[in-house]
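Enquirer: Any chance you can model this:
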Amino acid sequence: MLSENLQLPASIIAIGAGNRMKTYMHYLEEHPQEARLVAVVECNELRRNNFADKFGVSQENRFADYETFFKHPVPADAIFICTPDDEHFRPCFLAVQNGYNVLLEKPIAQSYEECLLLDKAAREHAVDVCVCHVMRYYPCYIKIKEIVESRELGEIISIHHIERVGMDRMTHSYVRGKWNRKSDSNDMFTAKCCHDVDFILWLLGPDVRCRKVSSFGSLKWFRQENAPTGSAERCVDCQVEKKCPFSAVDLYWRRKDWIRNIDILSGETQDDAIVRELNKGSIGRCVYHCDNDVVDHQSVLIEMDNGITINIDMECFTVNDYRDLHIWFSNGELYHNEKEIRVVRFSNRKEQIYDFSNTLKDSYHAGADLKIIEEFLHFLRHKKNHVTSLLHDSLASHQVCFAAEESRTTGKTIML
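Expert: Numbering: from 1, shown residues only. Sure thing, here's the model as predicted:
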């Protein structure tokens with residue numbers, strides 16, 4: 001439904017009005033001359049109306065579900081899709097079939113076959129789907145890409161990457177939260193680390209293909225049999241809550257962390273909403289008595305067709321959530337911890353440091369979230385150059401992620 005001559009501001013439809021969509025919409029707030037929101041699709045009535053009111057969306061363009069929306073589509077230049085993982089494929093497929101360009105939150109879908117179907121449909125309908133792989137837009141990771149492509153350190157020999165998920169993020173999202181069950185979302189490695197795999201394959205370039213994938217991991221700790229004596233179904237009723245490092249009362253009430261997505265009902269204060277959720281909502285549950293089935297630690301081994309080996313560790317039992325990256329080259333090595341890049345050349349053994357600590361203070365993933373929107377809108381207008389993360393470019397990383405889960409569950413090395 002893209003007009004032949006895209007006029008400013010571009011018209012955007014939002015499917016999903018959660019935290020990720022709110023983040024991306026900050027770009028529209030800061031640059032109203034570039035894009036405007038013309039319709040909202042969201043099943044949560046409170047969120048739908050709050051979101052629509054904020055951006056001045058008319059009542060007739062507010063929809064409770066995307067099936068209804070696509071029966072009565074609103075003309076627009078693009079659709080942003082930030083629904084739960086299990087609701088990525090269907091609305092994106094319908095959007096493509098209706099001729100919309102799409103900005104799609106990762107992961108693309110719940111299987112590699114669905115990813116391929118979306119790619120085929122986008123080609124057949126001559127529309128573009130951009131996947132929100134935010135690591136491609138981080139200043140520090142762009143710099144690493146430049147160092148690799150300069151070949152100043154020679155050829156890459158091997159890579160070790162650690163995704164430190166962090167305990168608060170783990171318990172909030174993958175034990176109590178929306179990503180805690182594979183069938184309702186994705187396996188945890190795909191849900192959390194498709195960013196990381198995408199970035200590493202982006203570093204290596206499109207001509208280097210994955211050959212083998214092996215993976216090991218399990219749900220070792222957040223299980224009912226590990227619950228301490230005196231624990232209860234909810235942290236508010238627990239005898240040992242104050243000693244528990246995973247206490248929901250401590251996370252949401254005492255520290256007031258991870259509370260952005262708690263809906264505040266009419267007449268409530270934020271504290272009222274937190275108390276309500278701790279007593280009745282999913283976030284108040286004991287981590288040992290949830291319905292979670294995704295892993296809490298995993299290691300993935302990858303061999304590329306040019307001999308490069310890659311080891312990716314997803315570790316949840318850490319205080320802080322950040323990434324470590326170590327690349328070994330033929331003529332040196334590179335280490336990165338999201339604060340700085342350290343480069344050592346074998347020829348002189350001198351260390352060079354690139355400091356990115358100041359970017360950590362910048363909102364929206366060091367500005368990378370908003371850079372995605374800026375680039376996508378520019379791409380829609382001009383159709384020049386190559387948008388950084390089109391769906392087709394993301395297929396390889398998703399294939400690796402799904403292969404990693406197949407390897408983990410079958411105990412086999414998967415050949416690609």
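
Enquirer: CA atoms for contacts and neighbours, from now on please.
Expert: Will do.

Enquirer: List the contacts of the residue nearest to Asn180 when sequence neighbours are not counted.
Expert: Using Cα to Cα, 6 or more residues apart in numbering and skipping the chain neighbours, the partner closest in space to Asn180 is Tyr174 (4.1 Å). Shown in contact with Tyr174 (Cα atoms under 8 Å, 6 or more residues apart in numbering): Asn180, Arg181, Met188, Asn292, Val294.

Enquirer: Can you give me the pLDDT of the nearest residue to His133 once chain neighbours are set aside?
Expert: In this structure, His133 finds its nearest non-sequential neighbour in His195, 5.6 Å apart by Cα to Cα, 6+ apart. pLDDT recorded at His195 is 94.

Enquirer: Give me the buried positions along stretch 176-191.
Expert: 176-182, 185-191 (16 or more other Cα atoms under 10 Å).

Enquirer: Quick check: strands, which of the residues you listed are part of them?
Expert: Among those, none falls in strands (DSSP state E).

Enquirer: low pLDDT regions in the stretch 201-350 of the chain?
Expert: Residue ranges of the stretch 201-350 of the chain with pLDDT under 70: none are present.

Enquirer: any chance you could map the strands in it?
Expert: 210-218, 297-304, 309-315, 322-329, 332-336, 340-345 (DSSP state E, counting those that start in this stretch).

Enquirer: among the ones you listed, which is nearest Phe199?
Expert: strand 322-329 (11.0 Å; Cα to Cα).

Enquirer: Ignoring the adjacent residues along the chain, who's closest to Trp221?
Expert: Nearest non-adjacent residue to Trp221, counting by Cα to Cα, 6+ apart: Asp296, 7.3 Å away.

Enquirer: what's that neighbour in contact with, if anything?
Expert: So Asp296 contacts Met170, Gly217, Ser218, Leu219, Lys220, Trp221, Phe222, Glu315, Cys316, Phe317 (Cα under 8 Å, 6+ apart).

Enquirer: cool, and Asp198?
Expert: Contacts of Asp198 by Cα under 8 Å, 6+ apart are His133, Ser394, Ala396, Ser397, His398.

Enquirer: same question, Asn186
Expert: Applying Cα under 8 Å, 6+ apart, the residues near Asn186 are Asp85, Asp86, Gln110, Trp179.

Enquirer: Now with 10 Å, please.
Expert: 84-86, 107, 109-111, 179-180, 192, 294, 402, 405 (Cα atoms under 10 Å, 6 or more residues apart in numbering).

Enquirer: nearest to Arg209, of these?
Expert: Distances from Arg209 to those, taken by Cα to Cα, are shortest for Phe402, at 15.4 Å.

Enquirer: buried sites along the helix or strand containing that closest one?
Expert: Using DSSP states H and E, Phe402 sits within helix 391-410. For helix 391-410, burial by neighbour count (16+ other Cα under 10 Å) applies to 391-408.

Enquirer: Just list what that helix packs against, helices and strands only.
Expert: If you count contacts as 3 or more Cα pairs under 10 Å, 6 or more residues apart in numbering; DSSP states H and E, helix 391-410 packs onto strand 101-104, helix 112-124, strand 129-131, helix 188-204, strand 210-218, strand 297-304, strand 414-415.

Enquirer: Pull out the buried positions in the second one.
Expert: It refers to helix 112-124. Applying 16+ other Cα under 10 Å to helix 112-124 flags Tyr112, Glu114, Cys115, Leu116, Leu118, Asp119, Ala121, Ala122 as buried.

Enquirer: what about Trp202, neighbour count?
Expert: As a burial measure, Trp202 scores 20 neighbours (other Cα atoms under 10 Å).

Enquirer: Quickly list the domain ranges of the protein.
Expert: Recorded structural domains for the chain (assignment: automatic domain parsing) are 10-131, 135-219+295-360+388-415, 224-284.

Enquirer: Distance from the chain centre to the second one, please.
Expert: Relative to the centre of its chain, domain 135-219+295-360+388-415 is centred 13 Å away, using Cα atoms, centre = their mean, to the nearest Å.

Enquirer: Compute the first-to-last residue distance for it.
Expert: 27 Å (Cα to Cα, to the nearest Å).

Enquirer: quick check, Arg47 in a strand?
Expert: No: assigned with DSSP: H, G, I helix; E, B strand; the rest coil, Arg47 falls outside any strand and is helix.

Enquirer: Check the gap between it and Lys212 for me.
Expert: In terms of Cα to Cα, Arg47 sits 44 Å off from Lys212.

Enquirer: So which of the domains of the chain is nearest Lys371?
Expert: domain 135-219+295-360+388-415 (6.6 Å).

Enquirer: Assign the residue most central in space within the chain to helix, strand or coil.
Expert: Closest to where the C-alpha atoms of the chain average out (Cα atoms, centre = their mean) is Lys106, at 5.2 Å. Here Lys106 is recorded as coil under three-state DSSP.

Enquirer: just checking, it touches Met135?
Expert: No: in this structure, Lys106 is not within contact of Met135 by Cα atoms under 10 Å, at 11.7 Å.

Enquirer: buried set for stretch 103-112?
Expert: Neighbour count says stretch 103-112 has Leu103, Leu104, Glu105, Lys106, Pro107, Ile108, Ala109, Gln110, Ser111, Tyr112 buried, by 16+ other Cα under 10 Å.

Enquirer: what's the answer for stretch 43-62, then?
Expert: Cys43, Arg47, Arg48, Asn49, Phe51, Ala52, Phe55, Val57, Asn61, Arg62.

Enquirer: State the mean pLDDT of it.
Expert: 96.

Enquirer: for the residue lying farthest from the centre of the chain, what are its contacts?
Expert: In the chain, the residue that sits farthest from the middle, by Cα atoms, centre = their mean, is Asn348; the gap is 39.4 Å. By Cα under 10 Å, 6+ apart, the residues touching Asn348 are Gly332.
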